[in-house]
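Trainee: give me a 3D structure for the following:
(one chain, ligands or ions: 2)
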Amino acid sequence: MVKICGIGAGYVGGPTMAVIALKCPSIEVAVVDISESRISAWNSKKLPFYEPGLEEVVNQCRGKNLLFSSDVEKHVYEADIIFVSVNTPTKIKGIGAGKAADLTYWESAARMIADVSNSDKIVVEKSTVPVRTAEAIGKILSENSKSKGIKYQILSNPEFLSEGTAIQDLLNPDRVLIGGNQDPQGLDAIQKLKDIYAYWVPQDRIITTNLWSAELSKLADNAFLAQRISSINAMSALCEATGAEVSQVSLALGKNTKIGPKFLNASVGFGGSCFQKDIMNLVYICESNGLTQVGNYWKEVIKVNEYQKSRFVHRVVTSMFNTVSGKKIGILGFAFKKDTSDTRKSPAIDVCKGLLGDNACLSIYDPRVTEHQIEKELCMDGVECVNVVGDAYEATRDAHGLCILTEWDEFKTIDYQRVYQNMEKPAFVFDGRNILDVHKLREIGFIVYSIGNPLDQCLININIIN
Ligand SMILES: NC(=O)C1=CN([C@@H]2O[C@H](COP(=O)(O)OP(=O)(O)OC[C@H]3O[C@@H](n4cnc5c(N)ncnc54)[C@H](O)[C@@H]3O)[C@@H](O)[C@H]2O)C=CC1
Ligand SMILES: O=C(O)[C@H]1O[C@H](OP(=O)(O)OP(=O)(O)OC[C@H]2O[C@@H](n3ccc(=O)[nH]c3=O)[C@H](O)[C@@H]2O)[C@H](O)[C@@H](O)[C@@H]1O
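Mentor: Ligands and ions are numbered 1, 2, ... in the order given. This next block holds a predicted model:
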């Protein structure tokens, strides 16, 4: 029986290994992590994060061919194939701080593999890593296992799932990418990994390449996706200035088969743990290769994203007569997108901090994010003007304005008439996700700002005064 060990039980490692276990009943899958608390959450009824469909998959396999353990060494020792899905955050200090990927966790995982292994292994890079990481990992593994005569094959098998749709993405991927050495041993390892995915992924969706193409394709993929959002967000500012409607522009663009309809939703900005980190990593790799112009091109995607968030805060403040000081503002949504409890790099963090900087009082509601998490993200030591509440009505009661910062479906079906009645007047809505019916809200009496749409007449007047 083939044995797999997944190192790293996070947003990628957990769901990915669970789906492999589900689809390959004859393979034993052990997911290990150095975080005891994460492992005990995986072994409990309340998984460490919210992801639609994840609980069902875990419940089907856990205790059969899927186990979660903090005994990292034991399961690495026993495995034939090791998937490494540890975090690769942006370096916060030293050379390349703010750009380069911090490979500390990866390197320590590699050294541990070398220490405990006693048989040949295939080591699969699932984490997103700088191009040519496999070379460094290969050296660490082989140099540290020389005396044992163990052979390692390193494969790059980047993960393309999105949070909120992770299980669907894993069950039905657009493609699976496997990069490996193009010699007989490398090709053999590629085939072994292909055989696992072949349990449920059609052959024509499994692409094989050399190692460096696979590693670079992952960074390029995220850069292209983020670039589309920054492109449409840049257009949204121009729409507001000209009376065009960004959703109509997106529709027109998306119907062009050369462009396609996805990832053209204007928003308050993209968030999540990967887009910014991976683009900055790409920028660093470009700069390290002397390609300053190429690096600058990708850096601009991040700059537009920062601009979009600060533009939103500016709209809120100027619309509310140039001051939000002491005013209650209801914040609906804190996660970086709907259907996840993840708040990493959520645009809500910067928007809230911006409003707090102008002395607003925030009342925050998110259906899946805990109070503790929100407080942690806002570094709330000494901040008194933030309340985390249990529903949207409470968040907006007696508020001067409300901001939609995550596109949760439940925000579309709130009784906005009731919300309006309980707010101070004039009552403002700032829709940072373009999910609300602007016309209906205006009929109720709200003054509405939504990204990339013609400005409310009242806001035009206010902006003229300002
Ligand atoms: N979150 C996402 O949607 C996606 C993330 N990725 C990439 O996957 C990688 C992991 O991302 P996430 O799952 O979001 O991170 P995460 O932070 O949720 O999980 C990483 C886990 O690895 C564990 N870990 C770190 N060092 C370890 C070691 N030496 N031994 C055992 N466990 C160790 C940590 O305790 C943590 O639980 C990153 O490179 C990321 O860029 C790729 C595609 C999607
Ligand atoms: O490497 C990764 O981590 C993953 O990063 C993204 O997935 P994820 O960050 O989970 O979520 P997305 O759906 O891409 O959303 C990212 C951000 O962009 C925003 N977004 C997305 C789409 C859009 O049209 N407009 C927009 O503002 C979302 O609200 C969210 O804040 C990619 O979509 C995945 O392919 C990739 O595997």
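
Trainee: once you drop chain neighbours, what's closest to the residue sitting nearest the centre point of the chain?
Mentor: For the chain, the residue lying nearest the average C-alpha position, counting by C-alpha atoms, centre = their mean, turns out to be Gly272 (3.1 Å). Using C-beta to C-beta, 6 or more residues apart in numbering and skipping residues adjacent in sequence, the residue nearest Gly272 is Phe336, 4.7 Å away. C-beta coordinates here come from the backbone N, C-alpha and C atoms, glycine included.

Trainee: next: Tyr449.
Mentor: Take Tyr449 and drop its neighbours on the chain: the residue closest to it by C-beta to C-beta, 6+ apart is Phe430, 4.9 Å away.

Trainee: who in the chain is up against ligand 2?
Mentor: Counting by C-beta under 6 Å from any ligand atom, the chain comes close to ligand 2 at 128, 159-163, 222, 225, 229, 263-265, 267, 270-272, 274-275, 336-337.

Trainee: mind checking how far Leu171 is from Gly260?
Mentor: When distance is defined by C-beta to C-beta, to the nearest Å, Leu171 is 22 Å away from Gly260.

Trainee: Asn453 now?
Mentor: The separation that Asn453 has from Gly260, given C-beta to C-beta, amounts to 23 Å.

Trainee: and these two? Which one has more around it.
Mentor: Comparing Asn453 with Gly260 by neighbour count (other C-beta atoms under 10 Å), the higher total belongs to Asn453, at 21 against 12.

Trainee: what's the domain layout of the protein?
Mentor: Taking automatic domain parsing as the domain assignment, the record places the domains of the chain at 3-209, 213-466.

Trainee: for Ala120, grab the count of nearby residues.
Mentor: Actually, residue 120 is Asp rather than Ala. Counted with other C-beta under 10 Å, the neighbours of Asp120 add up to 14.

Trainee: which residues touch it?
Mentor: With contact taken as C-beta atoms under 8 Å, 6 or more residues apart in numbering, Asp120 is in contact with 150-153.

Trainee: please, where are all the helices along the stretch 301-450 of the chain?
Mentor: Defined through DSSP state H, counting those that start in this stretch, the helices belonging to the stretch 301-450 of the chain, from first to last, are 347-357, 371-377, 392-396, 416-421, 438-444.

Trainee: likewise the stretch 101-250 of the chain?
Mentor: Along the stretch 101-250 of the chain, the segments classed as helices by DSSP H, counting those that start in this stretch run 104-116, 133-145, 166-171, 184-197, 211-242, 246-254.

Trainee: mind listing what's buried in the fourth one?
Mentor: It refers to helix 184-197. 186, 189-190, 192-194, 196-197 (16 or more other C-beta atoms under 10 Å).

Trainee: can I get those residues in TSV including pLDDT?
Mentor: What follows is the buried residues of helix 184-197, written out as TSV (pLDDT from 0 to 100):
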residue	pLDDT
Gly186	97
Ala189	98
Ile190	98
Lys192	98
Leu193	98
Lys194	98
Ile196	98
Tyr197	98
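
Trainee: quick one: which of those residues is nearest ligand 2?
Mentor: Closest to ligand 2 out of the buried residues of helix 184-197 is Tyr197 (16.2 Å), distances taken as C-beta to the nearest ligand atom.

Trainee: now do the contacts for His400.
Mentor: 320, 324, 327-329, 423-424, 427-428.

Trainee: of the residues you listed, which belong to strands?
Mentor: Filtering the contacts of His400 for membership in strands, criterion DSSP state E, returns 328-329, 428.

Trainee: in the stretch 251-400 of the chain, which spans are strands?
Mentor: If you assign secondary structure with DSSP state E, counting those that start in this stretch, the strands in the stretch 251-400 of the chain sit at 328-332, 361-365, 386-388.

Trainee: about what we covered before: check what pLDDT the residue nearest to Gly272 gets.
Mentor: pLDDT, the model's per-residue confidence, is 98 for Phe336.

Trainee: that one against Pro347, yeah?
Mentor: Yes: because the distance of 7.0 Å satisfies C-beta atoms under 8 Å, Phe336 is recorded as touching Pro347.

Trainee: look up how far ligand 2 lies from the closest residue to Ile349 other than its chain neighbours.
Mentor: Once its chain neighbours are removed from consideration, Ile349 has its nearest residue in Glu377; the separation is 5.0 Å (C-beta to C-beta, 6+ apart). Look at Glu377 and ligand 2: by C-beta to the nearest ligand atom, to the nearest Å, they are 14 Å apart.

Trainee: neighbours of Glu377, how many?
Mentor: Using other C-beta under 10 Å, Glu377 has 18 other residues around it.

Trainee: now the residue of the stretch 351-466 of the chain found nearest ligand 2: how far from Val388?
Mentor: When C-beta to the nearest ligand atom is the measure, the stretch 351-466 of the chain has its nearest residue to ligand 2 at Glu407, with 6.8 Å between them. If you measure Glu407 against Val388 using C-beta to C-beta, the figure is 19 Å.

Trainee: contacts only, for Val129.
Mentor: For Val129, the contact set (C-beta under 8 Å, 6+ apart) comprises 88, 101, 103, 106, 156, 215.

Trainee: neighbours of the third one, how many?
Mentor: Meaning Leu103. What Leu103 shows, counting by other C-beta under 10 Å, is a neighbour count of 20.

Trainee: excluding sequence neighbours, find me the nearest residue to it.
Mentor: Nearest-residue entry for Leu103: Thr88, 6.3 Å, with adjacent residues in sequence omitted and distances by C-beta to C-beta, 6+ apart.

Trainee: where exactly do the strands run in the stretch 1-150 of the chain?
Mentor: Using DSSP E, counting those that start in this stretch, strands in the stretch 1-150 of the chain cover 3-7, 28-32, 66-69, 81-84, 121-125.

Trainee: adjacent strands (with direction) for the first one?
Mentor: This points to strand 3-7. Paired strands of strand 3-7, with direction, are strand 28-32 (parallel), strand 81-84 (parallel) (DSSP bridges).

Trainee: can you list contacts of the longest one?
Mentor: Same thing as strand 28-32. Contacts for strand 28-32 (C-beta under 8 Å, 6+ apart): 1-7, 9, 13-14, 17-18, 20-21, 39, 42, 61, 65-72, 75-76, 78-79.

Trainee: just checking, the residue nearest to Ile349 touches Asp342?
Mentor: No: using C-beta under 8 Å, Glu377 makes no contact with Asp342, being 10.8 Å away.

Trainee: near Thr208, how many other residues are there?
Mentor: 18.

Trainee: can you name the residues that contact it?
Mentor: The contact partners of Thr208, taken as C-beta under 8 Å, 6+ apart, are 177-180, 190, 194.

Trainee: same deal with Asn422?
Mentor: For Asn422, the set of contacting residues under the criterion of C-beta under 8 Å, 6+ apart consists of 393, 396-398.

Trainee: tell me how far it lies from Gly333.
Mentor: Distance of Asn422 to Gly333, given as C-beta to C-beta: 19 Å.

Trainee: Leu282 now?
Mentor: Distance check for Leu282 against Gly333: by C-beta to C-beta, it reads 29 Å.

Trainee: still on that earlier bit, okay, the buried residues of helix 184-197 in CSV with distance to Asp437 next?
Mentor: As requested, these are arranged in CSV below (distance: C-beta to C-beta, whole Å):
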residue, distance to Asp437
Gly186, 55
Ala189, 54
Ile190, 51
Lys192, 53
Leu193, 48
Lys194, 48
Ile196, 46
Tyr197, 43
